[in-house]
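Peer 1: fold the following.
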Amino acid sequence: MTSMNPPAAVETAKHQRGHLSRERLAIAGLKIARTEGLENLTMKRLAKAVAVTPMAIYRHFEDKSDLIDAVLDRFVQEQDICNHGVPGKDWAGWLERTYSNMYDGLQSMPSVYPYLSSGSRFGAGATDVVTQSLDVMEAAGFSRERAAQAASTLNGFVIGCAIMDNAFYQSLSAKDKALHSNLEPRLQTGLRLIISGLKHELSVQS
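Peer 2: The predicted structure follows:
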């Protein structure tokens, strides 16, 4: 016998029987954040997107802050900025490519900028990026402490560039936006100056 339940009702029933997961909801939440802005992601909005009641969302997240944390972590994981093909033994090239990818990722979703002052919100995904950066620099000959300082400098520079470039770009007229569509040369210049300084430091230690 053909079911008389409409597709939406069937999908809702599936979710309510436990087909939801924190990861699946984070993916759905990131989709909303990309199209509508992270500031517009709410428990109610997410519930509507996956066709369940808001209470079903609360079974997986304590509150909106917990949901935002999960979505931000998913965002970082999807960027996969360390997966670019440059070998770790080319530590300078690896750093430049990794942090260029970070810039591109941040520019792809400017609504994350208000959350950048709270690194803990980015969870395991961001921690993995930092760990890989430290491992690459330590293998190159830097101490773990110096590698951490260098990673912090690179993070701060890239985040600052992303925020400032976005603000600058948004303030332009349509005509001027066409003239300034590629802001990466300034980023690359800054990254190369920082990395050049690290190369010099390493050569002095040798």
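
Peer 1: secondary structure element for the residue most central in space within the chain?
Peer 2: The geometric centre of the chain, computed from its C-alpha atoms, lies nearest to V76 (CA atoms, centre = their mean), at 3.3 Å. Per DSSP states H and E: V76 is located in helix 64-79.

Peer 1: which residues of this structure score low on pLDDT?
Peer 2: 1-18, 118-120, 169-184, 206 (pLDDT under 70).

Peer 1: the domain parsing of the protein - what is it?
Peer 2: Per automatic domain parsing, the domain ranges recorded for the chain read 7-71, 80-205.

Peer 1: need those in CSV with mean neighbour count, can you?
Peer 2: For glycine as for every other residue, the C-beta is placed from the backbone atoms N, C-alpha and C. Converted to CSV, the domains of the chain look like this (neighbours: other CB atoms under 10 Å):
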stretch, mean neighbour count
domain 7-71, 16
domain 80-205, 15
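
Peer 1: re earlier: can you name the next helix or strand after the helix holding V76?
Peer 2: Scanning forward in sequence from helix 64-79 by DSSP H and E, the next helix or strand is helix 91-108.

Peer 1: that next one packs against which elements?
Peer 2: helix 64-79, helix 123-140, helix 144-170, helix 184-205 (3 or more CB pairs under 8 Å, 6 or more residues apart in numbering; DSSP states H and E).

Peer 1: now that helix, how far from the chain's geometric center?
Peer 2: Centroid separation between helix 91-108 and its chain, computed with CA atoms, centre = their mean, to the nearest Å, is 11 Å.

Peer 1: what does it contact?
Peer 2: 34, 75-76, 79, 81-82, 84, 86-88, 112-113, 129, 132-133, 136-137, 139-140, 154-155, 157-159, 161-163, 165-166, 184, 187-188, 191-192, 195, 198-199 (CB atoms under 8 Å, 6 or more residues apart in numbering).

Peer 1: got it, and stretch 73-90?
Peer 2: 23, 26-27, 29-30, 33, 93-94, 97-99, 101-102, 105, 109, 112, 121-126, 128-129, 132-133, 135-136, 139.

Peer 1: make it 7 Å
Peer 2: Under the contact criterion CB atoms under 7 Å, 6 or more residues apart in numbering, stretch 73-90 has outside partners 26-27, 30, 93-94, 97-98, 101-102, 105, 109, 112, 122-126, 129, 132, 136, 139.

Peer 1: ends of it, how far apart?
Peer 2: 28 Å (CA to CA, to the nearest Å).

Peer 1: and for stretch 57-73?
Peer 2: 17 Å.

Peer 1: E138 and A70, how far apart?
Peer 2: 30 Å (CB to CB, to the nearest Å).

Peer 1: next one: M102
Peer 2: In terms of CB to CB, M102 sits 20 Å off from A70.
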